[in-house]
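S.K.: Take a look and give me a structure for this.
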Amino acid sequence: MDLHQFLDWDYDGDDALRAMLAGGADPNARSGPRSETALHVAACRRRHSAIEILLAHGADAEARTAGGKTAWVHAARRGFDDVLAALGGRGAVELTDADRLAIALVADRLDEARAILAAAPGAARTGNPEEDRLLADLAGRPGTARVQLLLDAGADPAAPGLDGGTALHQAAWFGQPDNARLLIAAGAPLEVFDGYHDSSPLGWAVHGSRYSGGADVNQDAYVALTVMLLEAGAGFRDDAYLTRLLKDASPRVAAVLPRSL
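M.R.: Residues are numbered from 1 along each chain as shown. Next up is the predicted model:
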């Protein structure tokens, strides 16, 4: 297992990270289409203690991804103050308009975001995947105002974010039916299967109904999301996919799924 996978999917504590680095793992190796280092992955996954360990073992805080982002920018765009503290200003660079837009919206400073868009209308959709993921990053959070603002500004509803999921995937997984409704009305694609879990937005809603952190108290939201996606035309790729979703679903969500195609 390399550092990227460990930090992204299989983090087993700081001692395991130290052991990997002591065993020769390169903290500055690049991986994936974004050409990320381990420090970038740790910043995105909000592993602030891992950041400190990586820096102590020579991680380059100035390293930039294919999209020009340092780990510091990743953390700033997401509002991860604990990660910024761990970085201690290392990797701080001049922000793009799209970065400033992300920071304003994550902090719920809507007037500031509108001013940025008035001066730089293209900031909501730059063509840089590391910037255009903003809609996906916000769709899984409560509140529709930021999502609507981005949609009105021309943000791409199909742009991938966390784990390769679009904004509709994120709203589905995190139990945000109000945001999902806005996205569906804006033409967000229903049948995109992400490259990590091979699942559609409907699949993320069904999986979230049992496995997300808020599943137990959010069953109404997951039922509403499932019904909404089905009524919008979300389908099932094949019998095997339907079987998989029925197995994943909470009892309440399973009750609104078909039993066969």
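S.K.: what are the phi and psi values for Glu36?
M.R.: Main-chain torsions, Glu36, degrees, to the nearest 10: phi -90, psi 150.
S.K.: How much space separates it from Leu190?
M.R.: 29 Å (C-beta to C-beta, to the nearest Å). In short, each C-beta sits where N, CA and C put it, glycine included.
S.K.: ok, now Ala63?
M.R.: Taking C-beta to C-beta, one finds Ala63 at 37 Å from Leu190.
S.K.: what do you get for His207?
M.R.: Per C-beta to C-beta, His207 is found 16 Å from Leu190.
S.K.: Looking at those two, which is more packed in?
M.R.: The neighbour count for His207 versus Leu190, taken as other C-beta atoms under 10 Å, is higher for His207 (23 against 18).
S.K.: Next, the contact list for the more buried one, please.
M.R.: Trp173, His197, Ser199, Leu245, Asp248 (C-beta atoms under 8 Å, 6 or more residues apart in numbering).
S.K.: Quick check: closest non-adjacent residue to the third one.
M.R.: Nearest residue to Ser199 in three dimensions, chain neighbours excluded: Phe193, at 6.2 Å (C-beta to C-beta, 6 or more residues apart in numbering).
S.K.: you'd agree the one you found is in a strand?
M.R.: No: according to DSSP: H, G, I helix; E, B strand; the rest coil, Phe193 belongs to no strand; its state is coil.
S.K.: just the buried members of the contacts of His207?
M.R.: When the contacts of His207 are checked for burial by 16 or more other C-beta atoms under 10 Å, the buried set is Trp173, Ser199, Leu245, Asp248.
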